[in-house]
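Participant: Fold the following for me, if possible:
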Amino acid sequence: MSQSKQKNILVVDDNKTLRNLFTNQFKLLGYKVCAVSSGLMALEYLEDNSVDVITLDYEMPEMDGLEVFQELQKVRPDIPVIMLTAYGNISLVERFMDLGGAGFLEKPCELSILDAKIQQILSNWKLKQSEASRLDLERVLKTLTHLLGSGAHEIRTALTVIEQRNRFLLNGVQGKKKEDSTSCTEECPKPLPGQIPHLEISERSVKRLLALVNELIDFSRIESGEIGEQTSVNLNAIAEETVDDVAGLLDEKPGVCIEMKLIPELPTIHGNPRRVCQIITNLLTNAMKFTDEGRILISTDVHPANGWVELAIRDTGVGINRDRQAKIFGEFTESTQSHLMTGSGLGLSIAQLLTHKMQGEIDFTSEEGKGSNFFLRFPPEPKRERVS
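Facilitator: Predicted coordinates:
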């Protein structure tokens with residue numbers, strides 16, 4: 001009864017006898033009750049007061065219960081409304097529920113079951129509201145994803161033009177086509193020495209923005225299910241190729257080395273090779289960015305618990321603050337607060353999204369100041385039976 005004692009209930013019924021009956025019943029159950037005799041009075045009451053639940057009679061003069069409910073929906077759609085009816089009118093109940101009603105009660109209702117029925121109705125209403133909110137959120141996210149993708153395309157086009165013009169200025173090339181030529185070869189005066197640093201800063205900034213926009217576009221595509229054709233993938237081979245591709249990023253960090261410990265005859269997984277490479281690249285470049293001394297170890301194994309294929313990337317870098325670990329896979333989240341680190345904040349989010357799209361799992365452990373360990377796990381590809 002503790003929950004019902006905390007609730008304020010508004011009883012709307014033109015019949016004085018029934019209104020008083022329900023008022024007394026609700027008070028016995030611990031509710032704080034306000035009772036009015038018409039829909040207009042209920043609307044006026046709600047202008048200055050708030051309630052947790054409304055019980056509404058259907059047969060009333062001036063405005064019937066459905067009309068009152070529709071007006072209530074305009075001003076206070078957050079308050080659950082329970083219809084009271086003595087007629088058992090199925091079509092009325094269905095229409096009321098279709099309009100968003102919380103539930104209905106036939107009157108009169110015995111005190112022994114009244115509170116239980118109301119609690120059940122309110123519980124169902126909350127579940128329905130939660131599901132409606134979830135669906136609304138999904139629709140908003142899909143719309144934002146679409147806008148994000150389409151808008152990012154326009155931004156990328158503009159940035160590409162700026163990048164080209166910047167390069168032309170740095171190289172002393174105007175970029176204007178000659179009448180009899182298909183290439184941009186007409187020279188323009190070289191930039192002055194004092195202009196070059198500013199042009200170089202501009203070029204770096206544009207490249208960073210292009211990288212961010214490309215990730216936004218990619219994120220939008222992945223959200224919509226575009227990951228490409230899936231086939232057999234060998235994690236060992238992808239890991240080796242990825243290390244070859246990004247090893248040059250450590251040229252400025254002589255104190256960091258990459259080690260590999262790949263088990264032979266690793267079972268293949270089912271996925272898109274380019275996307276698996278993208279996941280590993282995101283994790284590996286993250287480790288390289290946040291590690292200034294020590295090593296980065298890449299290993300593969302078969303998980304003993306379920307036989308899934310596992311790839312681990314362990315580093316001795318700065319680690320992740322405990323307060324930030326719960327949000328590490330969120331969009332636009334950096335794994336460190338250091339002002340020296342820059343990035344779009346989408347790398348880990350994209351890695352998680354792609355992993356889940358390919359039926360895999362990704363998780364991590366980390367200790368600030370000691371490093372991080374990221375784990376990719378995929379179900380092994382089913383073995384093909386030999387045809388004799």
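Participant: contacts and neighbour counts: CA atoms only from here.
Facilitator: OK.
Participant: Let me see the ranges of the helices in the stretch 51-200 of the chain.
Facilitator: Along the stretch 51-200 of the chain, counting by DSSP state H, counting those that start in this stretch, helices occupy 65-75, 90-98, 111-171, 196-223.
Participant: The shortest one - contacts with which helices or strands?
Facilitator: Helices and strands touching helix 90-98, by 3 or more Cα pairs under 8 Å, 6 or more residues apart in numbering; DSSP states H and E: there are none.
Participant: mean confidence score for that helix?
Facilitator: Helix 90-98 comes out with an average pLDDT of 80.
Participant: Go through that helix and flag the buried ones.
Facilitator: For helix 90-98, the neighbour count (16 or more other Cα atoms under 10 Å) marks 92-93, 96-97 as buried.
Participant: Just the residues contacting that helix, thanks.
Facilitator: Residues outside helix 90-98 that contact it (Cα atoms under 8 Å, 6 or more residues apart in numbering) are 66, 83, 103-104.
Participant: angle of that helix against helix 65-75?
Facilitator: With axes from the mean of the first three to the mean of the last three Cα atoms, to 10 degrees defining the directions, helix 90-98 sits at 0 degrees from helix 65-75.
Participant: In CSV, list the C-alpha atoms belonging to helix 90-98.
Facilitator: Listed next in CSV are the C-alpha coordinates belonging to helix 90-98 (Å, rounded to 0.1, in the frame of the first residue of the first chain):
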residue,chain,number,x,y,z
ILE,A,90,-16.4,-3.3,-25.7
SER,A,91,-16.2,-0.8,-28.7
LEU,A,92,-15.9,2.1,-26.2
VAL,A,93,-13.1,0.4,-24.4
GLU,A,94,-11.3,-0.4,-27.6
ARG,A,95,-11.6,3.2,-28.8
PHE,A,96,-10.4,4.5,-25.5
MET,A,97,-7.4,2.3,-25.5
ASP,A,98,-6.5,3.1,-29.1
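Participant: returning to what we had before: closest one to Leu43 out of the buried residues of helix 90-98, please.
Facilitator: Using Cα to Cα, the shortest approach to Leu43 within those belongs to Phe96, at 18.1 Å.
Participant: Now do the closest one against Val81, distance only.
Facilitator: Distance, Phe96 to Val81, using Cα to Cα, to the nearest Å: 10 Å.
Participant: can you list residues touching both of these two?
Facilitator: Contact criterion Cα under 8 Å, 6+ apart; residues shared by Phe96 and Val81: none found.
Participant: For Tyr58, which non-adjacent residue is spatially closest?
Facilitator: Excluding its sequence neighbours, the residue lying closest to Tyr58 (Cα to Cα, 6 or more residues apart in numbering) is Gly65, at 3.9 Å.
Participant: so the one you found sits right up against Leu56, yeah?
Facilitator: Yes. Gly65 is within contact range of Leu56, at 6.3 Å (criterion: Cα atoms under 8 Å).
Participant: which residues are common contacts for these two?
Facilitator: With Cα under 8 Å, 6+ apart as the test, Gly65 and Leu56 both reach Met83.
Participant: Comparing those two, which shows the higher neighbour count?
Facilitator: Leu56 (28 against 25; other Cα atoms under 10 Å).
Participant: List the contacts of that one.
Facilitator: Counting by Cα under 8 Å, 6+ apart, Leu56 makes contact with 11-13, 65, 81-84.
Participant: among those, which two are most distant?
Facilitator: Pairwise over the contacts of Leu56, using Cα to Cα, the maximum falls at Asp13 and Val81, 13.1 Å.
Participant: What degree of burial does Lys128 show, as a neighbour count?
Facilitator: Using other Cα under 10 Å, Lys128 has 14 other residues around it.
Participant: what about it, distance to Glu44?
Facilitator: 28 Å.
Participant: Could you do Glu106 as well?
Facilitator: Counting by Cα to Cα, the gap from Glu106 to Glu44 is 26 Å.
Participant: Tell me which of those two has more neighbours.
Facilitator: Neighbour count, other Cα under 10 Å: between Glu106 and Glu44, Glu106 has more, with 13 against 10.
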